[in-house]
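Engineer: Provide a 3D model corresponding to the input given below.
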Amino acid sequence: MSLRRALILIPPLLALLAAPGHADTPGGVQAKNKAADGEKVYKQICAACHMPDAMGSGGGAIPALAKDKKLADPAYPIAVVTKGKGAMPPMGDMLSSAQMAAVITYVRTHFGNSYAQPVTEADVKRVAKAGGSAE
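Structural biologist: Coordinates of the predicted model:
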């Protein structure tokens with residue numbers, strides 16, 4: 001390979017090396033080590049099904065999170081997020097406890113919900129360990 005050709009290939013290779021890899025996505029090793037951001041997690045993961053406005057699907061297969069009275073007790077959304085329910089897959093292996101606490105707190109304080117009590121990592125771990133039910 002000529003020197004000129006090698007020099008042309010270096011910038012794209014450097015860009016690939018600098019690009020965030022799979023470990024930077026929610027649930028990746030680096031993401032679990034970073035401070036969780038509930039809004040970011042919601043937008044990257046939850047909004048795909050629950051919609052950006054948290055109104056869910058029109059047919060009811062994906063429930064609305066907006067103005068949801070079931071969110072009043074933090075144990076309910078923790079159980080749903082960690083264990084899954086219906087079409088909702090369990091997120092316990094995908095998100096860290098900090099990310100789950102942050103996104104649950106975000107949803108409980110946005111979209112017409114006004115449940116000010118923050119959900120903590122300890123809450124998530126306690127409910128998950130107790131095998132909390134989403135029923």
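Engineer: so what's the residue count around Met51?
Structural biologist: Around Met51 sit 17 other residues, with neighbours defined as other C-beta atoms under 10 Å. No exception for glycine: its C-beta is placed from N, CA and C like everyone else's.
Engineer: now for it: which residues touch it?
Structural biologist: 57, 62 (C-beta atoms under 8 Å, 6 or more residues apart in numbering).
Engineer: how close does it get to Gly59?
Structural biologist: 12 Å (C-beta to C-beta, to the nearest Å).
Engineer: so Ile104 belongs to a helix, correct?
Structural biologist: Yes: assessed by DSSP: H, G, I helix; E, B strand; the rest coil, Ile104 belongs to a helix.
Engineer: I figured it hits Ile78, correct?
Structural biologist: Yes: between Ile104 and Ile78 a contact is recorded at 6.2 Å, counting by C-beta atoms under 8 Å.
Engineer: so, low pLDDT: which residues of the chain?
Structural biologist: In the predicted model of the chain, residues 1-36, 131-135 satisfy pLDDT under 70.
Engineer: list the contacts for the residue nearest to Ala61 when sequence neighbours are not counted?
Structural biologist: Spatially, and ignoring its direct neighbours in sequence, Ala61 is nearest to Ala87 (5.7 Å; C-beta to C-beta, 6 or more residues apart in numbering). When contacts are counted by C-beta under 8 Å, 6+ apart, Ala87 is found next to 49, 61-62.
Engineer: identify the contacts common to Ile104 and Ile78.
Structural biologist: Contacts common to Ile104 and Ile78, judged by C-beta under 8 Å, 6+ apart, are 119, 124.
Engineer: quick one: which of those two has more around it?
Structural biologist: Ile104 (28 against 24).
Engineer: mind giving me the domain ranges of this structure?
Structural biologist: If you go by automatic domain parsing, the domain ranges for the chain are 1-34, 37-130.
Engineer: which parts of the chain are strands?
Structural biologist: Counting by DSSP state E, one finds no strands in the chain.
Engineer: any idea which of the domains of the chain is most buried?
Structural biologist: Mean neighbour count (mean count of other C-beta atoms under 10 Å) peaks for domain 37-130 among these, with a mean of 17.
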